[in-house]
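Visitor: Have a look at this fold, sequence not included:
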Ligand SMILES: Nc1ncnc2c1ncn2[C@@H]1O[C@H](COP(=O)(O)OP(=O)(O)OP(=O)(O)O)[C@@H](O)[C@H]1O
Ligand SMILES: [Mg+2]
């Protein structure tokens, strides 16, 4: 299988496992994609759901000094967001089979599934990665400002880690 040629880590940030980090993550995603990016609102919304979950359901928010990482990666036509938390022993990210109409909770991952093109999670030595992807219009996924983004240049293509998200397309 040919490797993709254009995967860019736009940026990543480490945040504390505290409620204020939800707002910080939204601002970070907006900054990474650019506020005029066509998919920025959805990426911010879904990113904030995953960050809320990391804080509420994992050690990132349950232990003093807990942290989480948000990373934004783009490829042609696809925005990929990772939220990496410190894991938990009592829960895994799963959409409830039945969502009570009157319940105010249990809709975050449902929303992620409905509004993303793909989502998932995996456990790694570095933590639990919960991710989603949203499609941007072809050619618009790498915002202009990323060309001057040092971390994007330093990171370069990250096809080895992310090429599976475009498997079959390159
Ligand atoms: N990062 C995570 N680590 C561990 N468990 C998780 C994580 N994210 C979600 N979960 C589990 O999946 C369930 C569903 O998550 P979801 O975001 O849909 O609902 P919620 O967080 O309980 O409520 P809401 O998001 O509507 O406020 C959670 O109740 C939790 O048990
Ligand atoms: Mg939630």
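Guide: Perfect, thanks for sending it. Source: prediction; values computed, not measured. Numbers count the residues shown, from 1 in each chain. Ligands and ions are numbered 1, 2, ... in the order given.

Visitor: switch to C-alpha atoms for all contacts and neighbour counts from now on
Guide: Noted.

Visitor: Ligand 1 contacts on the chain?
Guide: 53-54, 57-58, 88, 91-95, 105-110 (CA under 6 Å from any ligand atom).

Visitor: Now list the buried members of those residues.
Guide: Buried residues within the residues of the chain next to ligand 1, counting neighbours by 16 or more other CA atoms under 10 Å: 53-54, 57-58, 93, 108-109.

Visitor: residue farthest from the centroid of this structure?
Guide: residue 102 (28.2 Å; CA atoms, centre = their mean).

Visitor: how about the buried ones among the residues of the chain next to ligand 1 in a markdown table, adding secondary structure and pLDDT?
Guide: Listed next are those as a markdown table, based on DSSP: H, G, I helix; E, B strand; the rest coil; pLDDT from 0 to 100:
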| residue | secondary structure | pLDDT |
| --- | --- | --- |
| 53 | helix | 98 |
| 54 | helix | 98 |
| 57 | helix | 97 |
| 58 | coil | 98 |
| 93 | coil | 97 |
| 108 | helix | 96 |
| 109 | helix | 97 |
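
Visitor: just curious, which of those is nearest to residue 18?
Guide: The closest of these to residue 18 turns out to be residue 54 (CA to CA; 9.6 Å).

Visitor: count of residues packed around the residue nearest to that closest one when sequence neighbours are not counted?
Guide: If the residues on either side of it in the chain are set aside, residue 54 comes closest to residue 85, at 5.6 Å by CA to CA, 6 or more residues apart in numbering. By other CA atoms under 10 Å, 28 other residues sit near residue 85.

Visitor: Just to check, residue 85 is in contact with residue 58?
Guide: Yes. In this structure, residue 85 is within contact of residue 58 by CA atoms under 8 Å, at 6.6 Å.

Visitor: Common neighbours of these two, please.
Guide: Applying CA atoms under 8 Å, 6 or more residues apart in numbering, one finds that no residue jointly contacts residue 85 and residue 58.

Visitor: returning to that earlier point: ok, so what distance separates the residue farthest from the centre of the chain from ligand 1?
Guide: To ligand 1, residue 102 is 11 Å away according to CA to the nearest ligand atom, to the nearest Å.

Visitor: How about the secondary structure of that residue?
Guide: When classified by DSSP: H, G, I helix; E, B strand; the rest coil, residue 102 comes out as coil.

Visitor: Now do the contacts for it.
Guide: Contacts of residue 102 by CA under 8 Å, 6+ apart: none found.
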